[in-house]
Each structure stands twice: as structure tokens, then as C-alpha cells.
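Engineer: Okay, sequence plus prediction incoming.
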Amino acid sequence: MRQLIIGPEREALRRLRERVANPSLRTEDVSEVVAESIHRRREQSGDEALSAALSPTIETALRESVRKDPGTLADALFPVMGPAIRRSILETLRSFLESFNQVLDQSLSWQGLKWRVEALRTGRSFTEVALLHSLVFRVEQVFLIHKRTGLPIGQVVAPAVAMQDPSLVSGMLSAIQDFVRDSFHAEQGQGINRLQVGELEVWIEDGPYAILAAVIRGVPPRILRERMAECLEDIHREFSERLERFDGDTAPFAAVPHVLSCCLDAKFKEEPRRPRYAYAWVTGGLLFCLLGGFLGWREWQFHRWNQLASTLRAQPGFVLTSFGRGNGRFTFYGLRDPLAADPLGFVQAAQLNPARAEFHWAAYYALDDAIVQQRAASILAPPPGVTLTVKEGVLRLAGTPTAKWMSDLRARALLVPGIRGVEIPLEISPERLSFSETRDAVQNTVVKFPLASATLSVSEHNSLRELSAELKSLLESAPALHTKVRVEVVGHSDTTGAEAANQNLSQRRADRVASELIRLGIPAGALHPKGVASAEPVRPEDSDANRQFNRSATFHISVAPGL
């Protein structure tokens, strides 16, 4: 009965006690009525009491936020802070844009004639020269670039200006800004605000979500910087939420080019109006003379460049297909061998301006003898002392090459483009060179003997075994070369002892070497042993080592014409 009577009240009290004791539940309850409480308090006591209660907390929170990250507050105040400051210091420095027709009015004046002469001399158009002399400054292009992604949002271009790729420009500026910040540890909001690119200058204005970049020719006034900042602030004020959520879709920013157009400005020099004098005939005559002189000079220049074209046609390695003139430059089209001479060298030799020459060459292999000769020397790489010449596609050699280089020369030479045949003189044929090298190796061999002995050592036996192979090669190759080979085995002795005994000893040494070579397979008829005692010393006997060389046997090979 007690549970039925007081059970529900006890359960309600338990839940109430739990809700009061649990901070998270109390926070949830308060969050549901805090907005209504603040609104009710403002209605009951006015804004002064509520402001007095919340001001210390808000001031402390703002101070702490600025201390931790001042950029956040600066970005929030950027769209409204700039105009409030500048409206008190801006000066009205406006001037009407002068029409470009005012520049063209100078075309019949002395200044206009000088500009036309300069245009003809430099290859530029008269409009470009007049613009350079009369322009103070002109904003040619304006880009709006998203700061976080680096993607272009909008672009405006001045009339008659070549449009640049906005993606390329935005990517370049973003990359430069990031490089500077990373390299110099720049703080938030700091970076490059000006770039010089040849005759152009790029002014950059940085905002919280976007970057404004203006491409300027000439010397702009300071007020242009203020106008750019004001334009960027207007964009942030109108498109701040869309800039913050930008994901590459530029459709929500269709009105941005209209806002950017306020930055397209230009100013020309104001020339005082001069009265028109009655010298029109004189001016016309002078203009006619100048025009005639220019046409004559131009024709003379064309004649000189035409002579250069004829020179190139006559050079080996060049095939000139067309030659013409346009935009102040002379253009050559044709084929050029990689080994041909540099065409700019002919331009300089003719005392012409290389900057006015434009070459378009396609590669090919020329068959001129001079070019083929260079190509053969580059590919075959002849040894020192050997020269290569080419005549009508036939390769000829001069000098004394090595047998190794000559071994496969004919096969390698025919792989060189332009070589149709190879003429090798008989005296430097591969067989003849190999024969000569083998003969020299045999004649440089010295077989040494002990003192007063004709007995061969083990090492000399081995030496004779190797020598026998070379002698066999000589004897076998002699018939193909139409020669006869005579091998003299010459025995030597030193000067010690009686000359008669030395003569006998040297003969026995020669016979011993000859018999060993016969045993190794050398025909006996090809060997002619003889002893010379000390009459033909191998070396002067000024030391024991040289005296040892005179106790030896050497070889002398005679070559005579054969059948």
C-alpha cells in the first residue's frame, strides 16, 4: 500500500535530486533558456545593466583571443576598418582618361615622325612606340585570387591587351607568396606586395580570403594602391561568406569583374596643343624623303640577308627550303646536319644583327664529302697520326694505324652514313700491319744464356715456345703478302775471354736456339744461325745487366719480294 501511495512521489524526488546533482544535466537545462533569459533581462532592465554585466567577460575573451591570434580579429575587421581610416585622408586625384586618338594626332608632327622612325628601326608598331612615349601608367590586368586554394576567381583586362592565363598567374603568385612566407618566416598577413617583371610591375593587395593583383605598365600613383585596397574590401564585404566557402566554383562571383573594373585606370602625358603651321608641303616632302630613304635602306637590308641565304645554300650540311621577312625579322627554314657550322657565325661574318635572324632547322644527314669526313672521324676515332679523307663517298686513310684499329675498319666504316667504300693502301692493310707488328715483336726478343754456356734455362724454353707461335704466323702469312721471310738467329757473347773462344760460344748459342725452334715446329730451311761473338753487342757493356744481354741470341728477319 505504501508503494502505491507514495511510490510515484519518491521516484519524482529521486529524479529531481539526480538532475540537481549532475552538472551536465544542469548545463543542458540552462542552455535551453539562456537566449530567452538575456532577451528578458534586456527588456526589464535595459541595455546598460546587461552591458555592465557582460562587458568584463567579453573584454577578457577578446584580449585573450588577440593575444593568441591577432590575425583572426584583423580579418574580421578588415572590410570595415580600411574605409573608415582612408575616408579621412583620401585626396581627390582624378583625371580624365585621354583618348588614344590624341596620341595619333601627333602622326604628322615632328614628334610623330621621330616615333615612326623609331618604330621602323626597332621593328615595333607605331602605336606601341607612341604608347611608350606618351603613357604615364596603365593598369593592364587585374586578378582576384582565392588565398587558401590559389585558384582564380575573377579577371578584367584593359582593351587591346593580350590576356594572360589566369590559372598560370594565380598559381605563380600563390607559389611566390608561400615561398616568401616559408623562407623568411613571415607572420600572417605579411608577404610580397610588389613584383617587377621586365617593363611591367605587379602590385599585390592581401586580404583575409582573397588576393588582388594588378599588372601595371609605367609609374602608377599611390592612390592606385588605395583604390585596390578599397576594391578588395568591397569584395570581402559583399562576398565574404562565399569566399570562405569557395571550392573552385566561380559562378557565385559573376559580379566580381564589374567590381574589379574600377582598378583599370590609365594616364597619358598631356602635350600642349601647338598651332598648325603652313608647312604641310615641307612636312610632306620630308616625309616622302624619309619614306624613300627607309624603303631604300630596307631593300638594301633585304639584299644583304638574301646574300646570307645564298651563302647558307652553298655551305655543306645545309638545305635551305625557304627564306622570308616578317615582323622585322628574317626567317630561314630548311634542313641542317648536326655537324654543320653554326649559322649564327655566318650572320656575324656578314656583319648582320643576329637578333633579327630566326632559324627553323630540321635534322638530317648530309652527304657532302666535308660533312661525311667529319662524321667518319667522329665515329671511327682514328689513332694519333692517322688522317681520314672522303672523296665522292670513298674513305681513304693516311698515316700508320695500329693493327687492332684496322682489324674491322671496313665493316665499321660502311656503317657511317655517306660512306660507300673504303680504300686501304697495301702498306697499311690489316694483314700487312699485323705482319709488321709480329716481325717487330720477334726482332725485339732476346734469349739469354748463362756465363760461358750455351744451355737454355726453363724460362728461356718457355720464351722460345711463345716465339715459335709468332714465327709460324710470320711464315704462314708471307705467301699471302707475296714476300719471302729469312730468319737469322744471331748468337752473341760478351767481351770477356778470347775472341776465338767467344766466336765458337756464340755459334753454339745460335745453333742451340735454332734446334729448339726446329723442335717446336719451325721449318729448318727458314732458320739461319750464325755467331758474331762480341762484334755486334746488343747493349754497351757498362754494367753487369747490360753484359748479361750480350750473352744471348737475337733474331733478324729479312723480307724479300716473292712470287
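Structural biologist: Everything's here; your move. Small disclaimer: the values here were computed from a predicted structure and weren't measured.
Engineer: rest of the way, CA atoms for contacts and neighbours
Structural biologist: OK.
Engineer: biggest strand in this protein, by residue count?
Structural biologist: Counting residues, the longest strand in the chain under DSSP state E turns out to be strand 135-146.
Engineer: Neighbouring strands - and their directions - for the helix or strand just after that strand?
Structural biologist: Remark: after strand 135-146, the chain's next helix or strand is strand 152-157, criterion DSSP states H and E. Strand 152-157 has the following strand partners under DSSP bridges: strand 135-146 (antiparallel).
Engineer: Just the mean pLDDT for the strand it pairs with, thanks.
Structural biologist: When pLDDT is averaged along strand 135-146, the result is 82.
Engineer: which parts of that strand are buried?
Structural biologist: For strand 135-146, burial by neighbour count (16 or more other CA atoms under 10 Å) applies to 135-146.
Engineer: mind putting those residues in a markdown table, distance to residue 455 included?
Structural biologist: Below are these laid out as a markdown table (distance: CA to CA, whole Å):
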| residue | distance to residue 455 |
| --- | --- |
| 135 | 107 |
| 136 | 108 |
| 137 | 106 |
| 138 | 106 |
| 139 | 106 |
| 140 | 104 |
| 141 | 103 |
| 142 | 104 |
| 143 | 102 |
| 144 | 103 |
| 145 | 100 |
| 146 | 101 |
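Engineer: what's the closest of those to residue 18?
Structural biologist: Ranked by distance to residue 18 (CA to CA), the buried residues of strand 135-146 are led by residue 146 at 52.8 Å.
Engineer: Provide a list of residues in contact with the closest one.
Structural biologist: For residue 146, the contact set (CA atoms under 8 Å, 6 or more residues apart in numbering) comprises 152-153, 209-211, 243, 246.
Engineer: okay, among these, which ones form the most distant pair?
Structural biologist: Top of the distance list for the contacts of residue 146 (CA to CA): 211 and 246, 13.6 Å.
Engineer: okay, these two: which has more neighbours?
Structural biologist: Counted by other CA atoms under 10 Å, residue 211 and residue 246 do not tie: residue 211 has more neighbours, with 22 against 18.
Engineer: looking at this, the more buried one is in a helix?
Structural biologist: No: using DSSP: H, G, I helix; E, B strand; the rest coil, the secondary structure at residue 211 is strand, not a helix.
Engineer: How much space separates the spatially closest residue to it that is not a sequence neighbour from residue 174?
Structural biologist: Excluding its sequence neighbours, the residue lying closest to residue 211 (CA to CA, 6 or more residues apart in numbering) is residue 145, at 5.1 Å. Between residue 145 and residue 174 the computed distance is 8 Å (CA to CA, to the nearest Å).
Engineer: repeat for residue 455
Structural biologist: In this view, residue 455 and residue 174 are 93 Å apart by CA to CA.
Engineer: So between those two, which is more surrounded?
Structural biologist: Using other CA under 10 Å, the more surrounded residue of residue 455 and residue 174 is residue 174, with 19 against 15.
Engineer: How about the secondary structure of residue 321?
Structural biologist: Taking three-state DSSP, the label given to residue 321 is strand.
Engineer: What ranges does the stretch 451-563 of the chain have for its helices?
Structural biologist: 458-477, 499-519, 544-550 (DSSP state H, counting those that start in this stretch).
Engineer: contacts for the shortest one?
Structural biologist: Applying CA under 8 Å, 6+ apart, the external contacts of helix 544-550 come out as 446, 448-449, 492-494, 534, 537-541.
Engineer: what do you get if the cut-off is 7 Å, keeping everything else the same?
Structural biologist: Helix 544-550 has contacts (CA atoms under 7 Å, 6 or more residues apart in numbering) with 448, 492-494, 537-541.
Engineer: helices or strands up against the helix or strand where residue 215 lies?
Structural biologist: Assessed by DSSP H and E, residue 215 sits inside strand 210-218. In terms of contacts (3 or more CA pairs under 7 Å, 6 or more residues apart in numbering; DSSP states H and E), strand 210-218 is packed against strand 135-146, strand 200-206.
Engineer: can you pull the alpha-carbon coordinates of it into PDB?
Structural biologist: In PDB, the C-alpha atoms belonging to strand 210-218 read as follows (Å, rounded to 0.1, in the frame of the first residue of the first chain):
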ATOM      1  CA  ALA A 210      41.500  36.700 -51.400                       C
ATOM      2  CA  ILE A 211      44.500  38.400 -53.000                       C
ATOM      3  CA  LEU A 212      44.100  41.300 -55.500                       C
ATOM      4  CA  ALA A 213      46.900  41.500 -58.100                       C
ATOM      5  CA  ALA A 214      47.200  44.400 -60.700                       C
ATOM      6  CA  VAL A 215      49.600  44.300 -63.700                       C
ATOM      7  CA  ILE A 216      50.800  47.800 -64.400                       C
ATOM      8  CA  ARG A 217      52.800  49.400 -67.100                       C
ATOM      9  CA  GLY A 218      54.600  52.700 -66.300                       C
END
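Engineer: Give me the buried positions along the helix or strand following it.
Structural biologist: Downstream of strand 210-218, the first helix or strand assigned by DSSP H and E is helix 222-244. For helix 222-244, burial by neighbour count (16+ other CA under 10 Å) applies to 224-226, 228-236, 239-240, 243.
Engineer: Residue 52: which of these is nearest?
Structural biologist: Set against residue 52, the nearest of these by CA to CA is residue 240 (31.8 Å).
Engineer: and the closest one, what is it in contact with?
Structural biologist: Residue 240 makes contact with no residue, according to CA under 7 Å, 6+ apart.
Engineer: thinking again about what came up before, any chance of CSV for the helices and strands packed on strand 210-218, columns distance to residue 420?
Structural biologist: Formatted as CSV, the helices and strands packed on strand 210-218 follow (distance: least, CA to CA, whole Å):
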stretch, distance to residue 420
strand 135-146, 63
strand 200-206, 59
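Engineer: Out of the ones you listed, flag the one nearest residue 468.
Structural biologist: For residue 468, the closest of those is strand 200-206, at 85.4 Å, according to CA to CA.
Engineer: counting contacts, what elements does the closest one pack onto?
Structural biologist: If you count contacts as 3+ CA pairs under 7 Å, 6+ apart, strand 200-206 packs onto strand 194-197, strand 210-218.
Engineer: any idea of the angle it forms with strand 135-146?
Structural biologist: 40 degrees (axes from the mean of the first three to the mean of the last three CA atoms, to 10 degrees).
Engineer: between strand 200-206 and strand 210-218, how big is the angle?
Structural biologist: Using the same axes, to 10 degrees: strand 200-206 against strand 210-218 is 160 degrees.
Engineer: what distance separates strand 200-206 from the centre of its chain?
Structural biologist: Between the centre of strand 200-206 and the centre of its chain there are 29 Å (CA atoms, centre = their mean, to the nearest Å).
Engineer: With stretch 305-323 instead?
Structural biologist: Per CA atoms, centre = their mean, the centroid offset for stretch 305-323 relative to its chain is 29 Å.
Engineer: Which positions within that stretch qualify as buried?
Structural biologist: 305, 308-309, 312, 316-320.
Engineer: next one: stretch 352-372
Structural biologist: 352, 357, 361, 365-372.
Engineer: For stretch 387-394, give me every contacting residue.
Structural biologist: Residues external to stretch 387-394 that are found in contact with it (CA under 7 Å, 6+ apart): 369, 372-373, 377, 395-399, 418-423.
Engineer: burial count for the nearest residue to residue 509 once chain neighbours are set aside?
Structural biologist: Nearest residue to residue 509, sequence neighbours excluded (CA to CA, 6+ apart): residue 454, at 4.9 Å. Residue neighbour count, defined by other CA under 10 Å, stands at 22 for residue 454.
Engineer: Do I have it right that residue 454 meets residue 508?
Structural biologist: Yes: using CA atoms under 7 Å, residue 454 is in contact with residue 508, at 6.2 Å.
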